[in-house]
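Engineer: Curious how this folds, go ahead:
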Amino acid sequence: MLVKRMLCVLMTLIAAFAVPFFSLASQGSAAVYSDGDSGEAVLRIQIRLRELGYLSYRPTGAYRAMTVEAVKNFQTRCGNLGRQIAIDGRMGPETMALLFDPNAPRVRIPDSVRMPRGPIADRLAVKGALLSWSEVKPALTAGTAYTVTDCNTGERFRLVFTGGKNHAEMELFSEEDKPAFDTVCGGEYNFLKRPVVVNIAGADIAASMQCAPHGSGEASNGALPGHVCVFFSGSLSHVGSVADIEHEAVVKQAAKQP
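Structural biologist: Just a heads-up that it's a prediction; the model follows:
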């Protein structure tokens, strides 16, 4: 009996963690995730909730009370914006589709909080070619500076490639590049993603850059307190090595693709 029970538990765990990578195209399934579930799908749900500001802790892959509360807050936010869905803390097909929509609503920021945002143009000043991270990565050389152009403003600055397995980690080349970087980021570092093009071997490549220096810097100039993450098409997040839907959408924006 004990062996049989252990076998059942093992099969349950295998099933939970065998959830396939779900993309935008597969969110129409009838799967419902709720308190007590676990696995890769739950991890991706948590990562997306954190991206949108509803979750403030590291994704674990376990659907527990804080995930339930985060889902309820997201459902409430959707309801306030006219999308009437059940506020039950469960991640069903309808909530899933809303969560992974590129235009999913972020958590409401109080009016008292100033959110820095760089200049946004009605028409992008530049665009780049859409190349995959697997094509871009071999062309990047650690310690080399690359010219980055902000698609909205046309402002240019140089970033040094310092490494990165799933996406490019880059630092400002010098203090001379800081004014342009600060301008495109709205004068204050933040996690908003901006469409940019990176010139690599004479070719402008579409990318998405976050304006939030973090980690320990490897370049000696100290122009930024750490590095910024630059995503190309197909780049993955550090957390769980999963795709970042927002970065991917911004990359396509930099390439002027729908």
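
Engineer: C-alpha only now, for contacts and for neighbours.
Structural biologist: Fine.

Engineer: Map the structural domains onto the sequence of the protein.
Structural biologist: Following automatic domain parsing, the chain resolves into domains at 2-99, 133-254.

Engineer: which one of those domains lies closest to residue 120?
Structural biologist: With Cα to Cα as the measure, domain 133-254 is the member of those nearest residue 120 (5.6 Å).

Engineer: Pretty sure residue 36 sits in a strand.
Structural biologist: No - looking at residue 36 with DSSP: H, G, I helix; E, B strand; the rest coil, it is coil, so not inside a strand.

Engineer: show me where this protein has helices.
Structural biologist: Along the chain, the stretches classed as helices by DSSP state H are 2-17, 40-51, 65-80, 93-99, 133-136, 178-184, 245-254.

Engineer: Low-confidence bits of the stretch 101-250 of the chain, can you list those?
Structural biologist: Counting by pLDDT under 70, the stretch 101-250 of the chain has low-confidence residues at 111-115, 216-221, 240.

Engineer: go with 80
Structural biologist: 109-117, 216-222, 238-241 (pLDDT under 80).

Engineer: where do the strands sit along it?
Structural biologist: Residue ranges of the strands in the stretch 101-250 of the chain, as given by DSSP state E, counting those that start in this stretch, are 145-150, 156-163, 168-172, 193-200, 203-210, 228-231.

Engineer: now these in CSV, with distance to residue 90 and mean neighbour count?
Structural biologist: Formatted as CSV, those follow (distance: least, Cα to Cα, whole Å; neighbours: other Cα atoms under 10 Å):
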stretch, distance to residue 90, mean neighbour count
strand 145-150, 39, 23
strand 156-163, 39, 21
strand 168-172, 35, 26
strand 193-200, 29, 25
strand 203-210, 31, 24
strand 228-231, 31, 24
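
Engineer: Now distance to residue 127 too, for these, in JSON lines please.
Structural biologist: Shown next, in JSON lines, are those (distance: least, Cα to Cα, whole Å):
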{"stretch": "strand 145-150", "distance to residue 127": "9"}
{"stretch": "strand 156-163", "distance to residue 127": "13"}
{"stretch": "strand 168-172", "distance to residue 127": "19"}
{"stretch": "strand 193-200", "distance to residue 127": "7"}
{"stretch": "strand 203-210", "distance to residue 127": "7"}
{"stretch": "strand 228-231", "distance to residue 127": "15"}
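
Engineer: Residue 86: which of those is closest?
Structural biologist: strand 193-200 (30.4 Å).

Engineer: what's the closest one packed up against?
Structural biologist: Packed against strand 193-200, as judged by 3 or more Cα pairs under 8 Å, 6 or more residues apart in numbering; DSSP states H and E, are the following elements: strand 145-150, strand 203-210, helix 245-254.

Engineer: Of all those, which one comes closest to residue 233?
Structural biologist: Among the helices and strands packed on strand 193-200, if distance is taken as Cα to Cα, the winner is helix 245-254, at 6.0 Å.

Engineer: any idea how far the closest one is from the chain center?
Structural biologist: Offset of helix 245-254 from its chain centre (Cα atoms, centre = their mean, to the nearest Å): 9 Å.
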